[in-house]
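In: Predicted model and sequence below, questions to follow.
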Amino acid sequence: DAGVTQSPTHLIKTRGQHVTLRCSPISGHKSVSWYQQVLGQGPQFIFQYYEKEERGRGNFPDRFSARQFPNYSSELNVNALLLGDSALYLCASSALPRDSAYEQYFGPGTRLTVT
Amino acid sequence: AQSVTQLDSHVSVSEGTPVLLRCNYSSSYSPSLFWYVQHPNKGLQLLLKYTSAATLVKGINGFEAEFKKSETSFHLTKPSAHMSDAAEYFCVVSAPFGNEKLTFGTGTRLTIIP
């Protein structure tokens, strides 16, 4: 089975632009989470979606939004890009949101560079 | 609220010697704890997890971790380091139920000396 896939792999944008990042979870996984990893730091939680509903949101501005589609894939959108948005964006999927022993499986990430 | 503190930003060991990566946690409730590894230009891989079962947890590639509630610690160990262990390691905490938010530590970079 394929793991979590993300597209694109790399992206270069200019300040003020908008970007859309995409994620396909492992087959059968209904939960998708997004994380931002700035160089030299640990990943920071942005959003979690389950069955197309937002179940959690981290401490990020409203410029960040996301959605989940009927096939459980997900998009992360960032408006009005700032230099500080340059980071590796990671998507993770899991089978059940209420299982205490759940595991999150991470994709390879999208490297966003804002110039 | 929950958080983890990784006590060393960088650890260097010689190949074949033991590895110790230290992590302390803070949580208002009984936490789930994880160690993830990130190799350069690769995604995060789960090494092991603690979810209130046995306090000594065995993971992949010979790693293990011990949950010590009295010390609020969850240190990662391996008896003998291998060159392929060189990577960034993250200690992670999450709420036990109904919340998938993972809170990551700042990471420990493990260097293996030949």
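Out: That came in fine, so what should we check first? Numbering: from 1, shown residues only, chains lettered A, B, ... in the order given.
In: how about the strands in chain B?
Out: Shown for chain B, the strands assigned by DSSP state E span residues B:2-6, B:10-14, B:19-21, B:23-27, B:32-38, B:44-50, B:56-58, B:64-68, B:73-78, B:87-94, B:102-104, B:108-113.
In: wait, I meant chain A
Out: Going by DSSP E, chain A shows strands at A:5-7, A:10-13, A:19-24, A:31-37, A:44-50, A:53-57, A:64-68, A:74-78, A:87-94, A:105-106, A:110-114.
In: Tabulate these (TSV), appending mean pLDDT and distance to B:Val57.
Out: For every residue, glycine as well, the C-beta is placed using N, CA and C. Compiled in TSV, the strands of chain A are given as follows (pLDDT from 0 to 100; distance: least, Cβ to Cβ, whole Å):
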stretch	mean pLDDT	distance to B:Val57
strand A:5-7	96	29
strand A:10-13	97	36
strand A:19-24	98	29
strand A:31-37	95	22
strand A:44-50	92	23
strand A:53-57	89	25
strand A:64-68	97	32
strand A:74-78	98	30
strand A:87-94	94	19
strand A:105-106	91	18
strand A:110-114	97	31
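In: could I get the ones you listed as a markdown table with distance to chain B and mean neighbour count?
Out: As requested, the strands of chain A are exported to a markdown table (distance: least, Cβ to the nearest Cβ, whole Å; neighbours: other Cβ atoms under 10 Å in any protein chain shown):
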| stretch | distance to chain B | mean neighbour count |
| --- | --- | --- |
| strand A:5-7 | 9 | 16 |
| strand A:10-13 | 11 | 13 |
| strand A:19-24 | 12 | 19 |
| strand A:31-37 | 6 | 25 |
| strand A:44-50 | 5 | 22 |
| strand A:53-57 | 5 | 14 |
| strand A:64-68 | 13 | 18 |
| strand A:74-78 | 13 | 20 |
| strand A:87-94 | 6 | 24 |
| strand A:105-106 | 4 | 20 |
| strand A:110-114 | 9 | 18 |
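In: TSV please, covering those strands and showing distance to B:Ser12.
Out: Compiled in TSV, the strands of chain A are given as follows (distance: least, Cβ to Cβ, whole Å):
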stretch	distance to B:Ser12
strand A:5-7	32
strand A:10-13	31
strand A:19-24	35
strand A:31-37	23
strand A:44-50	27
strand A:53-57	37
strand A:64-68	37
strand A:74-78	36
strand A:87-94	25
strand A:105-106	26
strand A:110-114	27
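In: Quick one: closest of those to B:Glu71.
Out: Nearest to B:Glu71, of all the strands of chain A, is strand A:44-50, at 26.1 Å by Cβ to Cβ.
In: Could you tell me the angle between the closest one and strand A:64-68?
Out: 30 degrees (axes from the mean of the first three to the mean of the last three Cα atoms, to 10 degrees).
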